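> sequence-free structure coming up:
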Ligand SMILES: [Zn+2]
Ligand SMILES: [Zn+2]
Ligand SMILES: [Zn+2]
């Protein structure tokens, strides 16, 4: 099995080489780290699923992969306004200090002089604003999920994490987002590069998730249950439909604590080296005079 390790020492394997227990462990760790580092993120995700999405019955044919695997239904964006989409988006993905600025820039079409990274979000959200009703129509007209359909409604070329998060929010069951940290792990595991070949990456991730399911006899509801944040963080409410599939895949690679752990480990190693060096100095000092 080909294995790579990232900075924190966690291996970066393809999803298909992981056991369900390992996937569950990684997702639990991701949820617990999220709850520690950004208390609002998991709560926001939990609320957004209930406020902005509906769980529609699976309308796939009997021969469809998801239907054959006990699929109960798919998440679909409700008929919400761009304003509501924007509120949810900024609360999940934009730093608290920039939220109002981003909203103003998108609503009023004004310029944005914030950090360059948030500029990417503003640019992409402005494109949504130009044709929100048309986009909403296409989004709501789609009734498949990432497990059963590799065509996914054509997202425009996605080249940064803010765009990826927009398309994932639009197609919660079909498009996996990435961020600065997960991007490296996804690439090291051998998937197409997220910021360069986004849809190919998405297709490969879901194909591998299907392989795990087939190898370990997981049904679609079991796959959704691999991510059960309400079991990891008791304040959260269970979702009747289970977790959106994009969250399950995302959290296999996304761990807000991993980067911090790597920094902590490096600091501990440096301190240990220094203590060893000092201990050697003391020994040398004690031994030399005799
Ligand atoms: Zn289905
Ligand atoms: Zn499906
Ligand atoms: Zn299907």
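Structure received. Keep in mind it's a predicted model, so treat the numbers as computed, not measured. Ligands and ions are numbered 1, 2, ... in the order given.
> so where is the stretch 1-150 of the chain shaky, pLDDT-wise?
Flagging of the stretch 1-150 of the chain using pLDDT under 70 yields the residue ranges 1-11, 38-39, 114-116.
> give me the number of residues near residue 188?
16 (other CB atoms under 10 Å). Glycine gets a C-beta too; all of them are placed from N, C-alpha and C.
> so what's the spatially most central residue of the chain up against?
Centroid-nearest residue in the chain: residue 250, 3.1 Å away (criterion: CA atoms, centre = their mean). Residue 250 makes contact with 168, 176-178, 182, according to CB atoms under 8 Å, 6 or more residues apart in numbering.
> looking at those residues, which is nearest residue 228?
residue 176 (18.2 Å; CB to CB).
> I'd say that closest one and residue 203 touch.
No: shown here, residue 176 and residue 203 do not form a contact pair, counting by CB atoms under 8 Å, at 10.0 Å.
> in CSV, list the contacts of residue 250 along with pLDDT, neighbour count and distance to residue 161.
Shown next, in CSV, are these (pLDDT from 0 to 100; neighbours: other CB atoms under 10 Å; distance: CB to CB, whole Å):
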residue, pLDDT, neighbour count, distance to residue 161
168, 96, 24, 10
176, 96, 28, 12
177, 95, 25, 7
178, 95, 28, 6
182, 93, 24, 9
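> for ligand 2, state which of these is nearest.
residue 176 (14.6 Å; CB to the ion).
> the closest one and ligand 1, how far apart?
Per CB to the ion, to the nearest Å, residue 176 is found 17 Å from ligand 1.
> element containing residue 76?
strand 73-77 (DSSP states H and E).
> quick one: buried residues of the helix or strand just after that strand?
Next along the chain after strand 73-77, taking DSSP H and E as the criterion, comes helix 82-93. Neighbour counts over helix 82-93 (16 or more other CB atoms under 10 Å) mark 82, 85-93 as buried.
> pick the one among the residues you listed closest to residue 141.
Nearest member of the buried residues of helix 82-93 to residue 141, counting by CB to CB, is residue 85, at 16.8 Å.
> residue contacts, the closest one?
52, 77, 128, 132, 169.
> ok, back up a step: the strand holding residue 76 close to ligand 3?
No: Strand 73-77 is not in contact with ligand 3 by CB under 5 Å from the ion; minimum separation 8.0 Å.
> elements contacting that strand?
strand 53-57, helix 132-141 (3 or more CB pairs under 8 Å, 6 or more residues apart in numbering; DSSP states H and E).
> helices or strands up against the helix or strand where residue 205 lies?
Using DSSP H and E, residue 205 falls within helix 198-216. If contacts are counted by 3+ CB pairs under 8 Å, 6+ apart, helix 198-216 sits against helix 20-37, helix 220-225, helix 245-253.
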